[in-house]
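In: Task: produce atomic coordinates for the following.
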Amino acid sequence: FDDGSAAAAAKPATSPDYYSGWVEYSGYEAAGNVTHMSARFAVPPAPPHYNILTTVFLFAGLEADNRHDVNDILQPVLQYGHSGCGGGEHWSAASFYVVGITAHCGATLRVDTGDVIEANMTYGKATDLWTLTTTVLKKSRSAGGSERRPGALGRAGDSVLSVHVDHAYHWAMVTLEAIRVYSCKAYPAGNGTQFSDMVVHVDGVPVRSPPW
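Out: Numbers count the residues shown, from 1 in each chain. Here you go, the predicted model:
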């Protein structure tokens, strides 16, 4: 990140066999407890090649720390391919809470290239719950199908998940992850994905320009 507000998820070279794991990420580790994170990003073009064994994820997320000492993650997710929360040969979005290899999911929403994903993770002190909201924004169109106002977006759906977690989160990140990638053609087409409107609160207070 140049200023803590945006980032590009670059596309790496493939391995001789296949690659699984985080491909690109950028994160901020807070001294206090992260109580909110939100970000926005557009749905990129579909990968040029689809393999039923391959899944690509783009997400904003929270972990206890960047050493993965606690094996769980909060993450509003955009995915291409199949996962424990559904999906297929198309883009879909959902709120995930993953513990070990178990994924707890909100509703899975089918989305299209050009839609905008709003990722929001907020801790409620009164309820002692984290609420994850993955919002899909689509271009607002008239009955005839033409765009009403250039750039105008309308709310098309939410994937909401509330969870109780018995520990604090200190590491906020945005990530491109891939499972069983055999070729660079499995990554989204285009020039990368930019995350914007990044907001982090620590102990309830907004952080000005976090050092990503």
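In: Residue 25: neighbouring residues, count only.
Out: Residue neighbour count, defined by other C-beta atoms under 10 Å, stands at 16 for residue 25. Where C-beta positions appear, they are placed from N, C-alpha and C, glycine not excepted.
In: now do residue 114
Out: Other residues near residue 114 come to 11 when the count uses other C-beta under 10 Å.
In: Next one: it from residue 135, what distance?
Out: The span separating residue 114 from residue 135 equals 15 Å under the rule C-beta to C-beta, to the nearest Å.
In: Residue 32 too?
Out: Residue 32 sits 27 Å away from residue 135, going by C-beta to C-beta.
In: who's more crowded, the two?
Out: Counting neighbours by other C-beta under 10 Å for residue 32 and for residue 135 shows that residue 135 has the greater number, 21 against 13.
In: ok so the more buried one is a helix residue?
Out: No: secondary structure assignment places residue 135 outside any helix; it is strand (DSSP: H, G, I helix; E, B strand; the rest coil).
In: nearest residue to it other than its sequence neighbours?
Out: In space, and not counting its chain neighbours, residue 135 is closest to residue 118: 4.0 Å by C-beta to C-beta, 6 or more residues apart in numbering.
In: And the contacts of the strand or helix carrying that neighbour?
Out: According to DSSP states H and E, residue 118 maps onto strand 116-124. When contacts are defined by C-beta atoms under 8 Å, 6 or more residues apart in numbering, strand 116-124 is touched by residues 33, 35-43, 59-62, 74-76, 78, 93, 111, 129-138, 153.
In: of the residues you listed, buried ones?
Out: Taking 16 or more other C-beta atoms under 10 Å as the criterion, what is buried in those is 35-43, 59-62, 74-76, 78, 93, 111, 130-138.
In: just to revisit the earlier point, CA atoms of the strand holding residue 118 as PDB?
Out: C-alpha atoms of strand 116-124 as PDB (Å, rounded to 0.1, in the frame of the first residue of the first chain):
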ATOM      1  CA  VAL A 116     -18.400  -4.300  -6.100                       C
ATOM      2  CA  ILE A 117     -17.800  -6.200  -2.900                       C
ATOM      3  CA  GLU A 118     -18.000  -4.400   0.500                       C
ATOM      4  CA  ALA A 119     -16.400  -6.400   3.300                       C
ATOM      5  CA  ASN A 120     -17.200  -5.500   6.900                       C
ATOM      6  CA  MET A 121     -16.200  -7.200  10.100                       C
ATOM      7  CA  THR A 122     -17.300  -5.500  13.300                       C
ATOM      8  CA  TYR A 123     -17.100  -6.500  17.000                       C
ATOM      9  CA  GLY A 124     -20.200  -5.700  19.100                       C
END
